[in-house]
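Engineer: Just the structure for this:
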Amino acid sequence: MYFNDFSMTSFVALMLGGYLLQAVAYYKFFLKAEQPGWIGFIPIYNYYIHLQIVGRPKWWMLLLFVPVANFFVALTIHLDLLKSFQRYRYIDQVLGVLFAPFYMVYVAFGPTTYLGKATDLPKVQKGPFKEWFEAIVFAVFAATIIRWTFMEAYVIPTPSSSSHHI
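Structural biologist: Next comes the predicted model:
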């Protein structure tokens with residue numbers, strides 16, 4: 001299947017499927033955190049409760065509407081949710097990013113318990129390799145998103161750059 005064969009119906013179905021998986025995971029996460037589970041199915045409000053559960057400021061909701069910043073904020077609170085539910089190993093973070101909707105359902109319905117706000121949990125000591133690796137991954141993601149969103153490299157042909165010289 002080529003990208004141009006991908007219909008709007010397929011796109012909407014894919015997006016709704018991803019949202020439904022996230023909502024189902026939120027339902028279970030919220031119940032474990034002693035919040036009403038039905039809130040997981042309410043768009044925007046579920047992110048508000050998510051922020052409360054992980055201990056991030058409520059004004060971060062506004063950042064979810066800012067292009068580029070929303071990617072990093074959503075990723076941060078997503079990983080915070082995993083930490084709040086006993087998933088703070090490096091492999092959990094990788095799986096949580098690469099297979100987000102599926103892994104979140106797996107964790108939510110697994111034998112995890114709510115440990116508390118991720119911001120209040122003790123910080124895990126990282127080695128120098130992990131620190132450098134995370135910094136490099138962040139830099140690559142940031143540069144890619146910024147370049148993709150705001151600017152693109154172009155070559156503007158000029159007479160001086162042509163290969164025809166008299």
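Engineer: What are the boundaries of the helices in the chain?
Structural biologist: Assigned by DSSP state H, the helices in the chain fall at 8-32, 45-54, 60-63, 69-84, 90-98, 100-108, 128-150.
Engineer: export these to CSV and tack on mean pLDDT, distance to residue 157 and mean neighbour count?
Structural biologist: (C-beta placed from N, C-alpha, C; glycine too.) Written out in CSV, the entries for the helices of the chain read as follows (pLDDT from 0 to 100; distance: least, CB to CB, whole Å; neighbours: other CB atoms under 10 Å):
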stretch, mean pLDDT, distance to residue 157, mean neighbour count
helix 8-32, 90, 36, 15
helix 45-54, 94, 47, 19
helix 60-63, 93, 41, 16
helix 69-84, 89, 34, 19
helix 90-98, 85, 40, 14
helix 100-108, 92, 43, 19
helix 128-150, 76, 22, 11
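Engineer: Redo those helices as a markdown table? Include distance to residue 156.
Structural biologist: Putting those into a markdown table (distance: least, CB to CB, whole Å) gives the following:
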| stretch | distance to residue 156 |
| --- | --- |
| helix 8-32 | 34 |
| helix 45-54 | 42 |
| helix 60-63 | 35 |
| helix 69-84 | 30 |
| helix 90-98 | 37 |
| helix 100-108 | 39 |
| helix 128-150 | 18 |
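Engineer: Among these, which comes closest to residue 158?
Structural biologist: Closest to residue 158 of these is helix 128-150 (CB to CB; 23.3 Å).
Engineer: among the helices of the chain, which is nearest residue 114?
Structural biologist: Residue 114 sits nearest to helix 8-32 of all the helices of the chain, at 4.8 Å, using CB to CB.
Engineer: what inclination does the closest one have with respect to helix 69-84?
Structural biologist: Relative orientation of helix 8-32 with respect to helix 69-84: 40 degrees, computed using axes from the mean of the first three to the mean of the last three CA atoms, to 10 degrees.
Engineer: how much space between residue 81 and residue 92?
Structural biologist: Distance of residue 81 to residue 92, computed by CB to CB, to the nearest Å: 11 Å.
Engineer: shared neighbours of the two, which are they?
Structural biologist: Counting by CB atoms under 8 Å, 6 or more residues apart in numbering, residue 81 and residue 92 have no common neighbour.
Engineer: Residue 100 versus the most centrally placed residue in the chain, what's the distance?
Structural biologist: Of all residues in the chain, the one closest to the mean position by CA atoms, centre = their mean is residue 75, 3.0 Å from it. Shown here: residue 75 relative to residue 100, a distance of 9 Å by CB to CB.
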